[in-house]
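*Asks:* Dropping a prediction and its sequence here:
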Amino acid sequence: MTYDAIIVGGGLAGCTLADQLVCAGHHVLVLERETQFRDRVRGENILPWGSAAARRLGVYDTLIAAGAHVAPTWATYTFGSLDPTRDLPSTTPGGDAMLNIFHPHMQEALLGRAVASGAIVLRGATVLGVDAGPGKSPSVTFEHHGAPTTVTARIVVGADGRASQMRAWGGFDVQRNPELLTIAGMLVGGTNVPEHSAILAIGPGIVSFWAPLGNKKSRTYFVYPSVAGKRGLSGKAKVDDFFQAVRSVGLPSSWLDGAESLGPLAEFDGADKWVESPAKNGVVLIGDAAASSDPSWGSGLSLSLLDVECLANSLRAEADWNVAIAQYAKEHDVYYGALHRILQWMTELVWTPGPAGDERRMRVFPRMKTDPTGFPDSVGLGPFGPSDERARRLVLGLD
């Protein structure tokens, strides 16, 4: 059987793209490995620039119906002191807030939307390989209910996440930054965290991030430098250690009074991993398969939505889909490159140890808060904020 598009991966990126293509009249097959989505620990927050993309793609209301929690303010605690909070709707171009959503609920909702639109979705499908090359239509071989099948398409889309196999099958070379940070995360219940805010807390060489989900629940993270040695914050036996680590950042102690674990505790490395020009021979990568940004900055879901929008627009505008995916790859490299630069500078600012790093933070943080003009804005604008040489010099305290 021949399709217009075969999408490997039925998560946020894959199902949102399937919905876009089916609504444009195309025949789409989605292959999803999992029969039931599980808590992935990360991937809970959509930044305002991602919320804006969700609106443009028509999935914002679907996310809200699936339980997405709106956080209209951004609060930063620096060494235990609350800085002036940021009202996101009044400081973003589209008046957008941040969305926090339990990842399995998001996946189920968007997969259901794709099915309702008319996409063919096979759950429990194991992809065995992709055959692609110059001058021929790409094909995918997969196993479903024990039966191997090979199908072809005009394009094959890899939306299979951070550990993407599509990168290798498509012949893409993967670039990556050094692993600098380690992130531990857990779904926490019984919290007293303010539910209207996303919260970043900066402590002495450590950071905690809170994405409230409503009903006293929050996805809570603890971030620390990998060079300090792994803390091994994974598994039930480490839950108390995790809570102790989060408390050590310097937050109101009442937030964790009565708090309990509602899901797995897992620890993972933070580092950008990406593919330059993520399209060739009819194979195109989106979402984390194309570029997984350092999860400590929380840009992954927003970047995935941007990929879907860019690719869908290119496919609508160009009858020759090989030309369309090449255009997508070109545009992707521009906006991902901008985001990559911004997050690298912010990482250097926040995480450089020692007296020189402390001195720079004491100069730059107050200036960033009182007059943000010219500074990057990874929260509100993402890759569309300043990312030029002037922005670099401001972030690094060189001007």
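*Replies:* Nice, thanks for sending it over. Everything numeric here is computed off the predicted structure, so don't read it as measured data. Numbering: from 1, shown residues only.
*Asks:* which one's the longest strand in the chain?
*Replies:* Scanning the chain for the strand with the most residues, using DSSP state E, yields strand 147-158.
*Asks:* So what touches that strand?
*Replies:* The contact list for strand 147-158, computed with CB atoms under 8 Å, 6 or more residues apart in numbering, reads 1-9, 14, 17, 29, 128, 130, 132, 137-143, 164, 166-167, 169-170, 282-286, 289-290, 311, 321, 325. Quick note: C-beta positions are derived from backbone N, CA and C, even for glycine.
*Asks:* Just the buried subset of these, written out for ChimeraX, thanks.
*Replies:* Applying 16 or more other CB atoms under 10 Å to the contacts of strand 147-158 leaves a buried subset, and the ChimeraX line that selects it is:
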select :3,4,5,6,7,8,9,14,17,29,130,132,137,138,139,140,142,164,166,167,169,170,282,283,284,285,286,289,290,311,321,325
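*Asks:* Out of the contacts of strand 147-158, which sit inside helices?
*Replies:* Among these, the ones falling in helices (DSSP state H) are 14, 17, 166-167, 169, 311, 321, 325.
*Asks:* would you turn those into JSON lines with distance to A54 and pLDDT?
*Replies:* Listed next are the ones in helices among the contacts of strand 147-158 as JSON lines, based on distance: CB to CB, whole Å; pLDDT from 0 to 100:
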{"residue": "G14", "distance to A54": "15", "pLDDT": "98"}
{"residue": "L17", "distance to A54": "13", "pLDDT": "98"}
{"residue": "M166", "distance to A54": "24", "pLDDT": "98"}
{"residue": "R167", "distance to A54": "26", "pLDDT": "97"}
{"residue": "W169", "distance to A54": "29", "pLDDT": "97"}
{"residue": "L311", "distance to A54": "15", "pLDDT": "98"}
{"residue": "W321", "distance to A54": "25", "pLDDT": "97"}
{"residue": "I325", "distance to A54": "22", "pLDDT": "98"}
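*Asks:* which among the residues you listed gets closest to R219?
*Replies:* When these are compared for distance to R219 (CB to CB), G14 wins out at 21.9 Å.
*Asks:* buried set for the longest strand of the chain?
*Replies:* Applying 16+ other CB under 10 Å to strand 147-158 flags 151-158 as buried.
*Asks:* hmm, who's touching stretch 125-142?
*Replies:* Contacts of stretch 125-142 (CB under 8 Å, 6+ apart): 2, 6, 8, 31-33, 122, 143-144, 148-156, 160, 165-166, 169-171, 281-283.
*Asks:* Mind putting the buried residues of strand 147-158 into CSV with pLDDT and distance to P104?
*Replies:* Below are the buried residues of strand 147-158 laid out as CSV (pLDDT from 0 to 100; distance: CB to CB, whole Å):
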residue, pLDDT, distance to P104
V151, 97, 28
T152, 97, 32
A153, 98, 28
R154, 97, 31
I155, 98, 28
V156, 98, 26
V157, 98, 22
G158, 98, 21
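*Asks:* Now distance to L181 too, for those, in TSV please.
*Replies:* Converted to TSV, those look like this (distance: CB to CB, whole Å):
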residue	distance to L181
V151	40
T152	42
A153	38
R154	40
I155	35
V156	33
V157	30
G158	26
